[in-house]
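Asker: the following comprises the amino acid sequence and a computationally predicted model.
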Amino acid sequence: MPKIKTHRGAAKRFKVAKSGRIKHQLTNKRHILTKKTSKRKRQLRATAYLTGTSEKNMKELLPYS
């Protein structure tokens, strides 16, 4: 049986933490930042973790991580 290919787009956006959970950056921090408050922009710097079905689907796209 052939090896499963890693989804390269997903590999660039998601990382597997040591705990096995999938971490990612929050959205809405790329442009149109002038109307967003400093507090909102600061909170968007944090990383987040996928949960539930999203995490299960992502693990299929990142088979060897």
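Answerer: Noted; the coordinates are in hand. The model shown is predicted, which means the values in this text are computed figures rather than measured ones.

Asker: hey, where'd the strands end up in this protein?
Answerer: 14-16, 22-25, 47-49 (DSSP state E).

Asker: any idea how far the longest one is from the middle of the chain?
Answerer: If you compare the mean C-alpha spot of strand 22-25 with that of the full chain, they lie 3 Å apart, counting by Cα atoms, centre = their mean, to the nearest Å.

Asker: what packs against it?
Answerer: In terms of contacts (3 or more Cβ pairs under 8 Å, 6 or more residues apart in numbering; DSSP states H and E), strand 22-25 is packed against strand 14-16, strand 47-49, helix 52-61. (Each C-beta comes from the backbone N, C-alpha and C, glycine too.)

Asker: which positions in that strand come out as buried?
Answerer: For strand 22-25, burial by neighbour count (16 or more other Cβ atoms under 10 Å) applies to residue 22.

Asker: what is the rounded mean pLDDT of that strand?
Answerer: The average pLDDT within strand 22-25 is 97.

Asker: ok, and what's touching that strand?
Answerer: 13-17, 47-50, 55, 58-59, 62 (Cβ atoms under 8 Å, 6 or more residues apart in numbering).

Asker: identify the farthest-apart pair in the residues you listed.
Answerer: 47 and 59 (17.5 Å; Cβ to Cβ).

Asker: more neighbours, these two?
Answerer: Counted by other Cβ atoms under 10 Å, residue 47 and residue 59 do not tie: residue 59 has more neighbours, with 16 against 10.

Asker: quick one: residues contacting that one.
Answerer: residue 22 are the contacts of residue 59 under Cβ under 8 Å, 6+ apart.

Asker: if we can go back for a sec, top of the contacts of strand 22-25 by neighbour count?
Answerer: residue 14 leads the contacts of strand 22-25 on contacts (other Cβ under 10 Å) with 20 neighbours.
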